[in-house]
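Colleague: Okay, predicted coordinates and the sequence, questions at the end:
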Amino acid sequence: MAEDANPTQFDALLLLIGKLNYSWTNTESLLIHLIAGLSRTDKETAVIIFLTLNTMRARVDLVERLAKMERVSEDERDCILKLTQDILKLSRLRNHYNHSIYAFDPQSGMARTILMRIADRKQEIKMGQATAIDAGALAELETAITDLGRLNHRFWDAIREYGYPT
């Protein structure tokens, strides 16, 4: 292994991805309470709806559509739409790490993600976009985890403020 190799950086990456997934799941599940409150149903029914919609995007679309109903006050609608916009912004990074494979070069100590998606262009396809895992990537993950924690608190504030089922 090279003298400057840093396998602990790869371990740190894996730990941060685990924390990101935990924080994400914990925050995304709060959409259940928004579904219950906006659709004027109970939490148990909202759980069934949440689990039936098998993508985060479908769940967010439902919440946004419910928030845009005429019966929802402007303040409530704006609050909910801001929450959904913010979770969608954070989903980019989460999706990158959840739809990648990880490569670790034991010789150089460098780690990278390889995105497992196909990007269709007009005349070609691109796949396997590689991104180096460096101190900047680790800092970006740490920031996203912190941002998810703050967003989680904002979700709970809205759930309490609008009296959604808990």
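Modeller: Nice, thanks for sending it over.
Colleague: Break down the chain into its strands, ranges please.
Modeller: 100-104, 111-115, 118-120, 125-127, 130-133 (DSSP state E).
Colleague: Tell me the buried residues in the fourth one?
Modeller: What it means is strand 125-127. Residues of strand 125-127 include none that count as buried (16 or more other Cβ atoms under 10 Å). Every C-beta, even on glycine, is put in place using the N, C-alpha and C of the backbone.
Colleague: Can you say which of the strands of the chain is packed in most?
Modeller: strand 111-115 (a mean of 18; mean count of other Cβ atoms under 10 Å).
Colleague: Which strands or helices does it pack on?
Modeller: With contacts taken as 3 or more Cβ pairs under 8 Å, 6 or more residues apart in numbering; DSSP states H and E, strand 111-115 sits against helix 7-28, helix 74-98, strand 100-104, strand 130-133.
Colleague: Between helix 74-98 and that strand, find me the angle.
Modeller: Here the directions of strand 111-115 and helix 74-98 differ by 110 degrees (axes from the mean of the first three to the mean of the last three Cα atoms, to 10 degrees).
Colleague: Could you report the neighbour count for Leu62?
Modeller: Residues lying near Leu62 (other Cβ atoms under 10 Å) number 20.
Colleague: coming back round to it: is it possible to get CSV of the strands of the chain that adds mean pLDDT?
Modeller: Shown next, in CSV, are those (pLDDT from 0 to 100):
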stretch, mean pLDDT
strand 100-104, 79
strand 111-115, 76
strand 118-120, 76
strand 125-127, 76
strand 130-133, 78
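Colleague: CSV for those, including distance to Thr84?
Modeller: Shown next, in CSV, are the strands of the chain (distance: least, Cβ to Cβ, whole Å):
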stretch, distance to Thr84
strand 100-104, 25
strand 111-115, 25
strand 118-120, 25
strand 125-127, 29
strand 130-133, 27
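Colleague: Which of those sits closest to Thr166?
Modeller: Ranking those by their distance to Thr166 (criterion: Cβ to Cβ) puts strand 100-104 first, at 35.0 Å.
Colleague: what distance separates that closest one from the middle of the whole chain?
Modeller: Taking Cα atoms, centre = their mean, to the nearest Å, one finds the center of strand 100-104 at 19 Å from the center of the full chain.
Colleague: mind listing what that strand pairs with, with the direction of each?
Modeller: Sheet partners assigned to strand 100-104 using DSSP bridges are listed as strand 111-115 (antiparallel).
Colleague: give me the low-pLDDT residue ranges for this structure?
Modeller: The model of the chain has pLDDT under 70 over residues 1-7, 109.
Colleague: What's the separation between Leu31 and Leu13?
Modeller: When Cβ to Cβ, to the nearest Å is applied, the distance between Leu31 and Leu13 equals 28 Å.
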